[in-house]
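Colleague: Test case, fold it:
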Amino acid sequence: MSSAKKFVLLGATGSIGESTLQVLRKHPEKLELIGVSAHKQSEKLHSIIEEFKVPNAHLICQGDQRVPFPKKTNLGQSTDQLDELAAHPEAELVVVAIVGSAGLRPTLAALKAGKDVVLANKESLVVGGKLVTDTARESGARIIPADSEHNAIHQCLLGQEERELDSIILTASGGAFRDLPLEKLKDVTLKQALKHPNWSMGPKVTIDSATMANKGLELIEAYWLFGLPSNKMEVVIHPSSIVHAMVRFIDGCCLAQLSPPSMTFALQNALLFPERHAGVEKSLDFSQSFDLSFSPPCHDRYPCLRLARECLSQGGPYPLAFNAANEVAVDAFRMNRIGFVQISNIIEESLNKLNTNEPTCLADLLELDTVIRSTASQSIALLGH
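Modeller: Next up is the predicted model:
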């Protein structure tokens, strides 16, 4: 009888999904893929199903389906069916790699069913942090962070007393424009924004890295994962992306986690936790020189980071509003409807118009998310870009 850990991979065709599959190929005796989902890349999803003989699948845009899926594959399309896949009775683990706030519902479904969640979707905690963590607590399920920064903190804190932790430090590459003169930011193109200096990621996350909205979202995620207030969380620019995060203890000592800039390291740690096995890729070679420099971020260059920190401090509906407005603004930039520097302007306008109490249930969260997206869309329309 196989002792492999059965898991579901939501968002299988994206960059996180690809890295997850690399780990699976390395450790087929440790992991068994029983369910996959994708938004619209049907051919890629079909290839995954064929390679790993996956019995359950979900494809949102089935109109994009160009190849027939195996008849033995249970193929879903509705939102409810995605939730059912996330809560599949045979799954021990669910990897949530769906981009954006769309990951919230299946994350909640998995946790409610008592499934451990390998979370590579920071927006779930940004949008519904209290609801997500309460659901995990009630069911006894674990949230295992798969973002490289949060997984690094998770590793650094193993065996440590919570009361001995002073603060955490998230590192950031600075994105595609970290060295560009500020006055030139208004003229950057989408093609330039998608050229990340270190990481290979999807387009939305790559743009978020350039604005550092991504790091702002990670601060909010870290609050829910590790319970530290904003003033106990730092962000530093670390151009080489070798140190993924650091933790500082009350005695002044710091621990750091280092690995090459590839998601396979964090994902394997999360998937096989608490075990360690041979990695997919080579570790750091300390016979070679590399840069371990750090510097504070410039808020004139990264206004999205400032806005996210303010939203974390204000709490309530503000983190959700930040995320929703950012998703709309990034989509508009990708469609050439706004310029790069206007992404933060749209977010700030949307936050300034926010006037509501903190949502307390999933329906309220989704309703507010829709309202904020409409507000941001209206601001973009008024620009007439």
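
Colleague: Could you check how far Thr13 is from Ala97?
Modeller: From Thr13 across to Ala97, the span is 9 Å (Cβ to Cβ, to the nearest Å). (C-beta placed from N, C-alpha, C; glycine too.)

Colleague: what do you get for Ile372?
Modeller: The span separating Ile372 from Ala97 equals 24 Å under the rule Cβ to Cβ.

Colleague: Of all the residues in the host helix or strand of Glu349, which ones are buried?
Modeller: With the criterion set as DSSP states H and E, the secondary-structure element containing Glu349 is helix 342-352. By neighbour count, and taking 16 or more other Cβ atoms under 10 Å as the criterion, the buried residues in helix 342-352 are 342-351.

Colleague: now stretch 377-385
Modeller: By neighbour count with 16+ other Cβ under 10 Å, stretch 377-385 contains the buried residues 377, 379-380.

Colleague: Those in strands, which ones?
Modeller: Counting by DSSP state E, those place none of their members in strands.

Colleague: Low-confidence stretches in this structure?
Modeller: 1-2, 62-67, 199-200, 384-385 (pLDDT under 70).

Colleague: just so I have it, where are all the helices in the chain?
Modeller: Ranges of helices within the chain are 15-26, 42-52, 79-86, 104-112, 122-139, 148-157, 190-193, 203-211, 213-226, 263-272, 303-314, 318-334, 342-352, 362-383, based on DSSP state H.

Colleague: of those helices, which approaches Lys72 most closely?
Modeller: Distance to Lys72, taken as Cβ to Cβ, is lowest for helix 42-52 among these, at 9.8 Å.

Colleague: so what are the domain limits for this protein?
Modeller: Per automatic domain parsing, the domain ranges recorded for the chain read 5-145, 147-260+282-310, 316-385.

Colleague: any chance of these in JSON lines, plus distance to Gln268?
Modeller: As requested, the domains of the chain are arranged in JSON lines below (distance: least, Cβ to Cβ, whole Å):
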{"stretch": "domain 5-145", "distance to Gln268": "5"}
{"stretch": "domain 147-260+282-310", "distance to Gln268": "10"}
{"stretch": "domain 316-385", "distance to Gln268": "28"}
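
Colleague: To Glu275, which of these lies closest?
Modeller: Closest of those to Glu275 is domain 5-145, at 7.8 Å (criterion: Cβ to Cβ).

Colleague: quick one: terminal-to-terminal distance for the closest one?
Modeller: Domain 5-145 has its terminal residues 17 Å apart, counting by Cα to Cα, to the nearest Å.

Colleague: How about stretch 72-85?
Modeller: Distances were taken as Cα to Cα; on that basis the terminal residues of stretch 72-85 are 16 Å apart.

Colleague: count of residues packed around the nearest residue to Ile338 once chain neighbours are set aside?
Modeller: Take Ile338 and drop its neighbours on the chain: the residue closest to it by Cβ to Cβ, 6 or more residues apart in numbering is Ala332, 4.6 Å away. Here the count is done by other Cβ atoms under 10 Å, and Ala332 has 22 residues near it.

Colleague: Hmm, Ala332 is touching Phe340, no?
Modeller: No. With contacts counted by Cβ atoms under 8 Å, Ala332 stays clear of Phe340, the gap being 10.9 Å.

Colleague: Could you tell me how far Ala120 is located from Ser3?
Modeller: From Ala120 over to Ser3 (counting by Cβ to Cβ), the distance is 25 Å.
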